[in-house]
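In: Model the following, please.
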Amino acid sequence: MSQRINFRHDGCRIVLPVLILEPSPSVSFEGHRGFALLDTGSTATGVTRRVAKAMGLVGRGKRPIGSAQGEGQAERYLFRVGIHGDADAPTLPFVFDDVIGFELVDSFRFDALIGMDILRQCDLEIRRDSSGVLVVG
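Out: All right, here's what the predicted structure looks like:
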């Protein structure tokens, strides 16, 4: 069954409330609640070093990564991402399967970045009236 997640955008970026969770087999909804930037230009999802440390995520080793700032090495973590619907009508988050995401620097403005590894599992509609919908499941 699919879930529709309605959102508003400011014409420059899409930011959604998320829940960063421990990897499977954990079934707990205890995790880090925060906000994630949707980035269709990123192939992978990431979390800040601060979130990874607070959650006790274990590093999986550094790998090369390219970004707007150039090439570098980034730690990788295994975690799950839950995306929430409207804040006005709270629902349980839609939780994606485990991802191996990269570490974002703590100066990154949001808690996480949602890349195409997750977005390719969704239908994304961005409207001119500053609204949009993400259909998951």
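In: elements contacting the lengthiest strand in the chain?
Out: The single longest strand within the chain, with elements called by DSSP state E, is strand 70-83. In terms of contacts (3 or more Cβ pairs under 8 Å, 6 or more residues apart in numbering; DSSP states H and E), strand 70-83 is packed against strand 15-21, strand 46-48, helix 49-55, strand 59-67, strand 94-95, strand 99-104, strand 112-114. (C-beta placed from N, C-alpha, C; glycine too.)
In: and these, which is most packed in?
Out: strand 46-48 (a mean of 27; mean count of other Cβ atoms under 10 Å).
In: starting at the chain centroid, how far to stretch 111-123?
Out: Computed by Cα atoms, centre = their mean, to the nearest Å, the chain-centroid distance of stretch 111-123 equals 6 Å.
In: Now do the buried residues in that stretch.
Out: Residues of stretch 111-123 classed as buried: 111, 112, 113, 114, 115, 117, 118, 119, 122 (neighbour count, 16 or more other Cβ atoms under 10 Å).
In: Name the residues that touch it?
Out: Contacts of stretch 111-123 from elsewhere in the structure, counted by Cβ atoms under 8 Å, 6 or more residues apart in numbering, are 16, 18, 20, 32, 34-40, 42-48, 50-51, 81, 83, 96, 99, 101, 104, 133-136.
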